[in-house]
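> Predicted structure and sequence below. I'll ask about it afterward.
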Amino acid sequence: MQRRDFLKTPVLGLLIPATAVGDIDSITEYRSRGSAPGAEPEGQRLHHDYQTYVPGIEHYFLGNGDLQAVIQHCPERSGPRPQTFVGLTLMDAERFARKWSTLLFHPERGFERSAIAIQLGGERFSLSPANFISLGWIYPDGIPTVSLLWRGGDFTVEERFFLPSEGSLLYREVHIRTPSPLIPDPIVHIQLVPNFALFDEIYTDPARQRATANGFAFLQLYSLESEATVSGRYDLHVPAQSTSNGTEHLVRFVYALSADLPDRSPETQERIRSETVNYWRGKTLIETGSEVLDHLYTVSRTCAKAGTARSGKRDSGIWMYNMEWARDDLFTAMAMLHTGFHQEARTILVRILENFVGEDGRTIESSRWYGYDYTELDQNGEILYALWSYLCWTGDESLIRRNWPKIRTVAEFPLQEVFRDPRTGMLHNKREFWERNDSFGVEDGFELMHQFWVALGLERISEVAEMIGEAGNARRWRSVAQELRRVMLEDPHFRFVEDGHLIKRRTRSGKWQRQMVPRSREAMPPGSPIATETTPLCEPDTSEVYPIIYGMIPPSSDLATKTLESMEELWNQRWRMGGYSRYNVSSEPDLPGPWPITTAMIARACVETGNSPKAWRALNWLREIHGGQSGWWFERYAPSITPPAPPVSVCGWIWPEILLLFVQNLLGVRPGLAHLEVRPRLIDDLDTMTGRFLIRSSDITVNVRRTGESLARVGGRRIPMEGGSLRIPYPQTGTPLEVECSL
């Protein structure tokens, strides 16, 4: 499928109204030479698998901190060059990649040669759209596993892909099931055809029964079965072993990014599996009885882990940005605290403090530093809030005390005179939450998110300062936070409220900035709304719901209600597939389309305010849109203007938003420094929820059910709930506790 045809597919046609973008051909002409009648034939090109975003595609994402694996499923078969129907590729978790630089991408064949073939008698069988049955997630013994089912003659094949809890290994089990015994035993054929741009020494080793690739990276493929043979440069052949009266046969393959391999003995393999089962058993499990909700939670938990390297390194846009943002990593760390990955959260936070914070307290975004005019001040507040969260969930003071000088610097950075307006005390510069700056029309002024996150972070870190004996800083930070809150919400001239709802931005004079007119239209991405529309509007903006999500404004207030009502302009703004954009798309530098991240944010706010219909609409959309089956949601559902923009792919920020929705907003589990708060909110058609959490080394189970009365039992003892909330002391370290809430 050529780029021109891709943009004209029915699904994407919904995203690109002529009034917003103009003539699509004018956008793509310089990238589609050879497609017009009479043009010269198109020259050399990569296999179509290099593209990240096509209609209907799913990417199942596995990772354990050492290795990442992606199983691609592209059901769309129209066009002259469809992507590989089902294919596998691998990545080193510590190294960012584009899709075409992954370890199993072949320049001419894409992922095609990652498929297996099964030989039975004189026939050879392999997967095709015609014999495909299903592809999806399963969780045997709690281990995230991708299951691929297909038919081969009279038998069925299930391929299972999973990773151990540690090690650069991917297991690929091939289960062959038949109604009657197979004679002779089937033979499974597999190839290791790596990326020719990365590997030049590619060979098979008959003595060691494996295929090897060496170059800029290292890769091996072998079988746990003892009768494997090899041939040529790429091929392994393994007789499947009978496991059940001849009606089921099994072959187990292992991909490895290291030459240092565990032995093949049953004892070693059982130990590896047992360690993996125990690892996942210790993570937060949430069950609701709703297929939609249970699926969203489990895939988000799986993918959040998969996207984090052992060192805490994360690509904020896999196959897309190849860069890091403090904000994205902080949200991931907070979500990991909420879901039992405490060590991973600590690793991320340490990495942020050591690598993402400069000597003056400035933070990085897109893997670089910016000057005062363009620094993202909200990130300083988010760091403080995340560190407070870490202390609440773990009780571990060592991280805080060891890094306190750096934490103090983070708190002080946004309070410098260069940012604080002398009249209001609010923070100003020329950068907004979604990273547009004055070249996009952002005037020097006050951003709601900069005030909100810094105020929230200072409030929380002042509690920590008091705890460790810095009473002076605690008082000062608390005072600044209170003043920021007051001006934000109450000042008659500067408050971020208009027409009864929150707004995004004011200029230094107090004017409501409603438009963003770029200095130079020609400098904007060609064909984008901000480059072409007369009046690029910046309201509404979904970031305005964060004060609702985190309780800075009461969820039952008119301000919360009207703020959420204002967001409805962003649902289906210029498309018909559903979902919310991040802000008014008339000021978008990208093509208009819905964003899963912001749709999840709206869902969180709707849960807080009790707006069940809109919460369910957003959650169902996340489940049903392509990417929702695998959990690989695209940053936005519209193609990129590439170049200059990178290709559209997954943005890992979506996973923490969904995980926090379940823990903070639905179950309402909110640890504080002195006590545990449980404040559940059951939306309509959700009558029960259960979660098992690790909080300060204790297993705490929270059961919530709808009964029509408001009461709780803690450790079997009846306790009244006040305003739907329960506050209890922490149990003794390591002591399990069960909390039951009736609503």
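Okay, I see it. Since this is a predicted model, take the numbers as computed values, not measurements.
> Can you give me the neighbour number for Ala618?
Here the number of neighbours of Ala618 (other C-beta atoms under 10 Å) works out to 27. Yep, even glycine has a C-beta here, placed from its N, CA and C like the rest.
> what's it in contact with, if anything?
Ala618 makes contact with Tyr580, Thr599, Ala600, Ile602, Ala603, Cys606 under the criterion C-beta atoms under 8 Å, 6 or more residues apart in numbering.
> what about the helices in the stretch 401-550 of the chain?
404-412, 448-467, 471-490, 529-532, 546-549 (DSSP state H, counting those that start in this stretch).
> whoops, the stretch 251-400 of the chain was the one
With DSSP H, counting those that start in this stretch as the definition, the stretch 251-400 of the chain shows helices at residue ranges 266-281, 291-306, 326-338, 342-351, 378-394, 398-402.
> Tabulate those helices (CSV), appending mean pLDDT and mean neighbour count.
Shown next, in CSV, are the helices of the stretch 251-400 of the chain (pLDDT from 0 to 100; neighbours: other C-beta atoms under 10 Å):
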stretch, mean pLDDT, mean neighbour count
helix 266-281, 97, 14
helix 291-306, 98, 22
helix 326-338, 98, 26
helix 342-351, 98, 20
helix 378-394, 98, 25
helix 398-402, 98, 14
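> Looking at those helices, which is nearest to Pro107?
Across those, Pro107 has its closest neighbour in helix 291-306 (25.9 Å, C-beta to C-beta).
> Give the buried residues for stretch 229-245.
Val230, Tyr234, Asp235, Leu236, His237, Val238, Pro239, Ala240, Ser242 (16 or more other C-beta atoms under 10 Å).
> Kindly state the beta-bridge partners for the last one.
Pointing back at Ser242 there. Partner residues in beta bridges with Ser242, using DSSP bridges, are His249.
> what's the closest of the contacts of Ala618 to Phe440?
The nearest member of the contacts of Ala618 to Phe440, counting by C-beta to C-beta, is Tyr580 at 20.5 Å.
> how about that closest one, phi and psi?
Taking degrees, to the nearest 10, you get phi -100, psi 140 for the backbone angles of Tyr580.
> Now do the same contact list for it.
Thr542, Met567, Leu570, Trp571, Pro594, Trp595, Thr598, Thr599, Ile602, Ala618.
> between those residues, which is nearest Glu522?
Ranked by distance to Glu522 (C-beta to C-beta), the contacts of Tyr580 are led by Trp595 at 26.4 Å.
> okay, now that closest one: neighbour count?
Other residues near Trp595 come to 25 when the count uses other C-beta under 10 Å.
> May I have the beta-bridge partners of Ala712?
Under DSSP bridges, the beta-bridge partners of Ala712 are Ile719, Cys741.
> can I get the helices of the stretch 401-550 of the chain in CSV with distance to Gln379, mean neighbour count and mean pLDDT?
Rendered in CSV, the data for the helices of the stretch 401-550 of the chain read as follows (distance: least, C-beta to C-beta, whole Å; neighbours: other C-beta atoms under 10 Å; pLDDT from 0 to 100):
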stretch, distance to Gln379, mean neighbour count, mean pLDDT
helix 404-412, 9, 18, 98
helix 448-467, 8, 24, 98
helix 471-490, 16, 17, 98
helix 529-532, 24, 21, 96
helix 546-549, 14, 24, 98
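> Using JSON lines, lay out these together with distance to Ser586.
As requested, the helices of the stretch 401-550 of the chain are exported to JSON lines (distance: least, C-beta to C-beta, whole Å):
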{"stretch": "helix 404-412", "distance to Ser586": "35"}
{"stretch": "helix 448-467", "distance to Ser586": "19"}
{"stretch": "helix 471-490", "distance to Ser586": "26"}
{"stretch": "helix 529-532", "distance to Ser586": "5"}
{"stretch": "helix 546-549", "distance to Ser586": "22"}
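> which one of those lies closest to Gly715?
Taking C-beta to C-beta as the criterion, Gly715 comes closest to helix 448-467 out of the helices of the stretch 401-550 of the chain, the separation being 26.5 Å.
> angle of the closest one against helix 404-412?
Between helix 448-467 and helix 404-412, the angle comes out at 140 degrees (axes from the mean of the first three to the mean of the last three C-alpha atoms, to 10 degrees).
> Check which helices and strands helix 448-467 sits against.
helix 378-394, helix 404-412, helix 471-490, helix 546-549 (3 or more C-beta pairs under 8 Å, 6 or more residues apart in numbering; DSSP states H and E).
> now do 10 Å
The criterion is 3 or more C-beta pairs under 10 Å, 6 or more residues apart in numbering; DSSP states H and E, and the helices and strands that helix 448-467 contacts are helix 326-338, helix 378-394, helix 398-402, helix 404-412, strand 428-429, helix 471-490, strand 505-507, helix 546-549.
> picking that back up, in helices only, show me the contacts of Ala618.
For those, membership in helices holds for Thr599, Ala600, Ile602, Ala603, Cys606, with DSSP state H as the criterion.
> any idea which of these is the one closest to Leu261?
Within the ones in helices among the contacts of Ala618, distances to Leu261 taken as C-beta to C-beta reach their minimum at Ala600, with 39.8 Å.
> and this structure, what are its domains?
The record's domain split for the chain, according to automatic domain parsing, is 3-45, 57-280, 285-666, 669-742.
> Give me the distance between the two termini of the last one.
Separation of the first and last residues of domain 669-742 by C-alpha to C-alpha, to the nearest Å is 15 Å.
> now the second one
With C-alpha to C-alpha as the measure, domain 57-280 spans 28 Å from end to end.
> Out of the helices and strands packed on helix 448-467, the one nearest Glu533 is which?
strand 505-507 (18.6 Å).
> which helices and strands sit right next to the closest one?
Identification of packing neighbours for strand 505-507 by 3+ C-beta pairs under 10 Å, 6+ apart yields strand 445-447, helix 448-467.
> low-scoring stretches of this structure, by residue?
For the chain, applying pLDDT under 70 flags the ranges 1-42.
> Next, the contact list for the residue nearest the centre of the chain, please.
Within the chain, one residue has its C-alpha closest to the average C-alpha position: by C-alpha atoms, centre = their mean, that is Gly652, at 2.5 Å. In this structure, Gly652 makes contact with 61, 300, 303-304, 306-308, 314-318, 325, 328-329, 331-332, 335, 597, 632-633, 635, judged by C-beta atoms under 10 Å, 6 or more residues apart in numbering.
> Mind putting the ones in helices among the contacts of Ala618 into TSV with neighbour count and distance to Leu90?
TSV is the format used below for the ones in helices among the contacts of Ala618 (neighbours: other C-beta atoms under 10 Å; distance: C-beta to C-beta, whole Å):
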residue	neighbour count	distance to Leu90
Thr599	27	30
Ala600	28	29
Ile602	25	35
Ala603	30	33
Cys606	27	39
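> between these, which is nearest Ala455?
Distance to Ala455, by C-beta to C-beta, is smallest for Ile602 among these, at 22.1 Å.
> For Phe199, the count of nearby residues, please.
The criterion is other C-beta under 10 Å. On that basis, Phe199 has 19 neighbouring residues.
> Equivalent analysis for Ile728, please.
By the criterion of other C-beta under 10 Å, Ile728 has 17 neighbours.
> Please tell me I have it right and it contacts Arg679.
No: with the criterion set as C-beta atoms under 10 Å, Ile728 and Arg679 do not qualify as a contacting pair; they are 11.7 Å apart.
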